[in-house]
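Visitor: Whatever this is, show me its structure:
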Amino acid sequence: MKPMLEAINVDTNTSLKAEAYTSSSYCESAGWHIHPEFELVYVKNGSGLLNIDSKKKKYDNGVLVFLGGNIPHADFGNKDHDDGLEVVIQFKKEFLDEKLKVFPELKRIKQLIEKSKQVLIFDQESKNALWNSFKNFEHMDNQGKLINLLSILDYLSKNATYESLFDTISLSNYKKDEIWRLEQTFEYVNTNYHKNISVTEISKKLGFTPNSFCRFFKKMTSQKFISFVNEFRIGKALEFFNENNTVIAEVMYKSGFNDPSYFTRQFKKYQNTTPSAYLKSKYNESLL
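Guide: Numbering: from 1, shown residues only. A predicted model of the protein is given here:
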């Protein structure tokens, strides 16, 4: 089965995306998917199955796994325990190529990240030792998350033992030009979501006609391009609301919508509530 490309929304003012999920706030399954970002996943407890490229590996009592970009995989977590926690850290290749390279002191961390292309499964002792570090991501600001990630990678590069799931990773079964085109599409939306999104412009950039681009996007993601853009914009609207932006019209425009009724319909479609109801529940006050 061909993996679907997943768009990872790493904010332009951050180097990574860190999300924590509990048994009651479990992330929606992405199914069999692939994305260009590196991914470090901590599963606190429970048993499950790692389904990565051509390999399947069972785990018990949680797992700590690190995989490079463009490696097809299924979801890792489980719902075995009420106190379960899954923390997912994702960052782009530019984090390695452009940011870490300026610090020669981080040589071991850079080597560890490179090895993640083989998919690294760390020992239980290391997983347990890093429990507090992963648990704290949820309560940190962006600067704290970056420092925390570097601290975790420092520990793993010096103290941890691991099993490599693959000797090498081959992408020969997946068309690199298709992956590149999806990456460019995601980047275009991430950069221009607050403006008019032009199918003609992105199609021309990628060497498609508008109709062939729409077919390509639907084939690769099982989603219409306009639906992807709307869902992405609603995600941005949530970010703005969560940053104490409480003027609905202002957030609407900042996230790329121009029509209040359309914004409300799309927000309700993806969040099952209206913007005003969301703000009332979050800030416990009338914002109308």
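Visitor: how many neighbours does residue 105 have?
Guide: Applying other C-beta atoms under 10 Å, we find 8 residues neighbouring residue 105. Every C-beta, even on glycine, is put in place using the N, C-alpha and C of the backbone.
Visitor: And residue 278, by the same measure?
Guide: Neighbour count of residue 278, defined by other C-beta under 10 Å: 20.
Visitor: Next: residue 200.
Guide: When neighbours are counted by other C-beta under 10 Å, residue 200 registers 11.
Visitor: what do you get for the one 5 residues further on?
Guide: For residue 205, the neighbour count with other C-beta under 10 Å is 14.
Visitor: Report the separation between it and residue 128.
Guide: From residue 205 across to residue 128, the span is 47 Å (C-beta to C-beta, to the nearest Å).
Visitor: Ok, residue 47 next?
Guide: Distance, residue 47 to residue 128, by C-beta to C-beta: 16 Å.
Visitor: can you check residue 120 too?
Guide: 17 Å.
Visitor: which of the two has more neighbours?
Guide: Shown here are residue 120 and residue 128; by other C-beta under 10 Å, residue 120 has more neighbours (23 against 12).
Visitor: beta partners of the more buried one?
Guide: Beta-bridge partners of residue 120, counted by DSSP bridges, are residue 66, residue 164.
Visitor: any idea of the pLDDT on it?
Guide: Looking at residue 120, its pLDDT stands at 96.
Visitor: now do residue 11
Guide: At residue 11, the pLDDT recorded in the model is 66.
Visitor: all numbers from here: first residue = 33
Guide: OK, 33 is where the count begins now, so the last one is residue 43.
Visitor: what's near enough to touch residue 286?
Guide: With contacts defined as C-beta atoms under 8 Å, 6 or more residues apart in numbering, residue 286 is in contact with 226, 268-269, 272, 277.
Visitor: what distance separates stretch 218-230 from the middle of the whole chain?
Guide: 18 Å (C-alpha atoms, centre = their mean, to the nearest Å).
Visitor: Show me where the protein has its helices.
Guide: For the chain, the helices defined by DSSP state H occupy 125-126, 139-147, 156-161, 163-167, 174-191, 208-224, 231-238, 242-253, 257-274, 280-286, 292-303, 307-315.
Visitor: Give the buried residues for the third one.
Guide: Under the neighbour-count criterion of 16 or more other C-beta atoms under 10 Å, helix 156-161 has 158-159, 161 buried.
Visitor: can you list the residues that contact it?
Guide: Contact with helix 156-161 is made by 74, 93-96, 187-188, 191-194, as judged by C-beta under 8 Å, 6+ apart.
Visitor: Only the buried subset of those, as a PyMOL command please.
Guide: Typed into PyMOL, the next command selects the buried ones out of the contacts of helix 156-161 (criterion: 16+ other C-beta under 10 Å):
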select buried, resi 74+94+95+96+188+192+194
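Visitor: okay, now residue 132: neighbour count?
Guide: Going by other C-beta under 10 Å, the residues that sit close to residue 132 add up to 19.
Visitor: shouldn't it be in contact with residue 140?
Guide: No. Using C-beta atoms under 8 Å, residue 132 is not in contact with residue 140, being 10.8 Å away.
Visitor: show me where pLDDT drops low in the stretch 183-320 of the chain?
Guide: Scanning the stretch 183-320 of the chain with the threshold set as pLDDT under 70 gives 200-208, 317-320.
Visitor: follow-up on the earlier one: for the buried residues of helix 156-161, give me TSV that also has pLDDT.
Guide: Converted to TSV, those look like this (pLDDT from 0 to 100):
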residue	pLDDT
158	96
159	96
161	97
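Visitor: quick revisit: which members of the contacts of helix 156-161 occur in strands, if any?
Guide: Among those, the members found in strands (DSSP state E) are 74, 95-96, 194.
Visitor: Please tell me which one of the contacts of residue 286 counts the most neighbours.
Guide: Within those, most neighbours by other C-beta under 10 Å means residue 269, with 25 neighbours.
Visitor: which ones are touching the spatially closest residue to that residue that is not a sequence neighbour?
Guide: The shortest distance from residue 269 to any non-neighbouring residue, by C-beta to C-beta, 6 or more residues apart in numbering, is to residue 287 (4.1 Å). With contact taken as C-beta under 8 Å, 6+ apart, residue 287 is in contact with 225-226, 265-266, 268-269, 272, 295.
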